[in-house]
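[1] Just need the structure, nothing else, for what follows:
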Amino acid sequence: MLTALVQGAVSSDANATGDAPGGSGGPGEPKGTFGLRLLDAPVVRRDDPRAYTSVVDHLNPGATIERRVEVANKSPNPLRVSLYAAAASIKNGKFTFAAGRSKNELSEWTSLDRPVLTLPPESRETARFRIQVPRWASRGERYAVIWAEAASSGKGNIKLVNRVGTRLYLDVGPGGEPPSAFRIEKLTPARSPEGKPQLTAQVRNTGERALEMSGKLWLSKGPAGLSAGPYLVARGTTLAPGDTGSVSVALDDKLPNGPWKAKLTLASGRVRETATATVSFPSPGMWGASIAPDIANFRQWPPLLSWGLAAMTAILAALGVRRLKWRRARRRS
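    I've put the predicted structure just below:
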């Protein structure tokens, strides 16, 4: 028998289609959809949107955490679902899933109290998983996925395996959690292969935690005073610490070329940055030029750095006035 994997989204409220395309299904096979939802978020991350879609945590060596997930059978038939942890990594700006049940350190540290669930039609069940970090664990961030998997019969001698999952981002090390930060380095107005205008931003992860990029784009002061947006940033870009990648925003077909005042706000959890620039989209068949964001609006300076710059400016101004008075007094003498 041949086995084909049909992989769904990986988030806290992920759903997967249980039927194979054109498949008739049968008793006990996943018809319709099933879902997986993360139920718990740490208290310190209640203001972090990522904590409700993924496990994003920091643990000291030797520490343990427990979380709950809910599996939903949204079909009219009973469903048998397997729960397990498997390896993942971040490559080329994408959160990448290992094949099958491949293991890494984090997946081996993760165990489930109910590896198999049998769900009646239109029902939900809860399972608990534990991440236990050994005392000898080295410093660094690890990635894995909690998968919910169900199998069905496809055409002929083919078995379809459907799975949905929740991402795990775990940082290990003594002391507090390392910082998350990123920088928007340049904006590029361009055209898609279909001729649609789009704006691409180059982003560098300057922190020590992986980032899942999201955001919105606003356009203002366009031809005849037009405004447009907000447009949503295409999801899917994940940057490991030190990585540089791009995020893009698809725009309306009939949008004039410009010029426009573009305001792009990107976020990953609680970390947020805004960049502005004047952009013009190329005509179909032409290439766009990269633009450095306006420095004044490029970043929101940290408070301490802002105060330090203000204090330095005041000191330099005072020294200039004092030097001018000294020159005047010297001339009079």
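
[2] Strands along the stretch 51-200 of the chain, start to end?
    Secondary structure of the stretch 51-200 of the chain by DSSP state E, counting those that start in this stretch: the strands cover 55-59, 64-73, 79-91, 94-97, 110-112, 116-119, 123-132, 140-153, 158-172, 182-191, 197-205.

[3] can I get those strands in TSV with distance to residue 43?
    All C-beta spots, glycine's among them, are computed from the backbone N, C-alpha and C. Below are the strands of the stretch 51-200 of the chain laid out as TSV (distance: least, C-beta to C-beta, whole Å):
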stretch	distance to residue 43
strand 55-59	12
strand 64-73	12
strand 79-91	24
strand 94-97	25
strand 110-112	21
strand 116-119	28
strand 123-132	17
strand 140-153	21
strand 158-172	17
strand 182-191	25
strand 197-205	26
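
[4] Tell me which of these lies nearest to residue 283.
    strand 182-191 (8.0 Å; C-beta to C-beta).

[5] The closest one: how far from the chain's middle?
    Once both centres are worked out by C-alpha atoms, centre = their mean, to the nearest Å, strand 182-191 turns out to sit 17 Å from its chain's centre.

[6] cool, and stretch 264-281?
    Worked out by C-alpha atoms, centre = their mean, stretch 264-281 lies 15 Å from the chain centre.

[7] ditto for stretch 82-100
    With C-alpha atoms, centre = their mean as the basis, stretch 82-100 stands 14 Å off its chain's centre.

[8] What average pLDDT does that stretch get?
    For stretch 82-100, the mean per-residue pLDDT is 95.

[9] And that stretch, what's buried?
    82-88, 90, 93, 95, 97-98 (16 or more other C-beta atoms under 10 Å).

[10] roughly how far apart are residue 209 and residue 240?
    To residue 240, residue 209 is 9 Å away according to C-beta to C-beta, to the nearest Å.

[11] What of residue 140?
    Distance from residue 140 to residue 240, by C-beta to C-beta: 11 Å.

[12] Among the two, which residue is more densely surrounded?
    residue 240 (17 against 13; other C-beta atoms under 10 Å).

[13] wait, isn't that one in contact with residue 210?
    Yes - contact criterion C-beta atoms under 8 Å: residue 240 and residue 210 qualify, at 5.3 Å.

[14] Send me the helix or strand where residue 276 lies as CSV with only the CA atoms.
    Assigned by DSSP states H and E, residue 276 falls within strand 271-279. In CSV, the C-alpha atoms belonging to strand 271-279 read as follows (Å, rounded to 0.1, in the frame of the first residue of the first chain):
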residue,chain,number,x,y,z
VAL,A,271,7.7,43.2,18.9
ARG,A,272,6.6,45.8,16.4
GLU,A,273,8.4,48.1,13.9
THR,A,274,7.2,50.7,11.4
ALA,A,275,8.9,52.0,8.3
THR,A,276,7.7,54.7,5.8
ALA,A,277,8.9,55.6,2.4
THR,A,278,7.8,57.2,-0.8
VAL,A,279,7.3,54.5,-3.5
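
[15] avg pLDDT for it?
    On average, strand 271-279 scores 96.

[16] please begin residue numbering at 563 from this point
    All set: I'll call the first residue 563, so the last point we hit is now strand 833-841.

[17] Just the buried residues of that strand, please?
    Residues of strand 833-841 classed as buried: 833, 835-839, 841 (neighbour count, 16+ other C-beta under 10 Å).

[18] Listing partners with orientation, what would you give for that strand?
    In the sheet, strand 833-841 lines up against strand 822-830 (antiparallel) (DSSP bridges).
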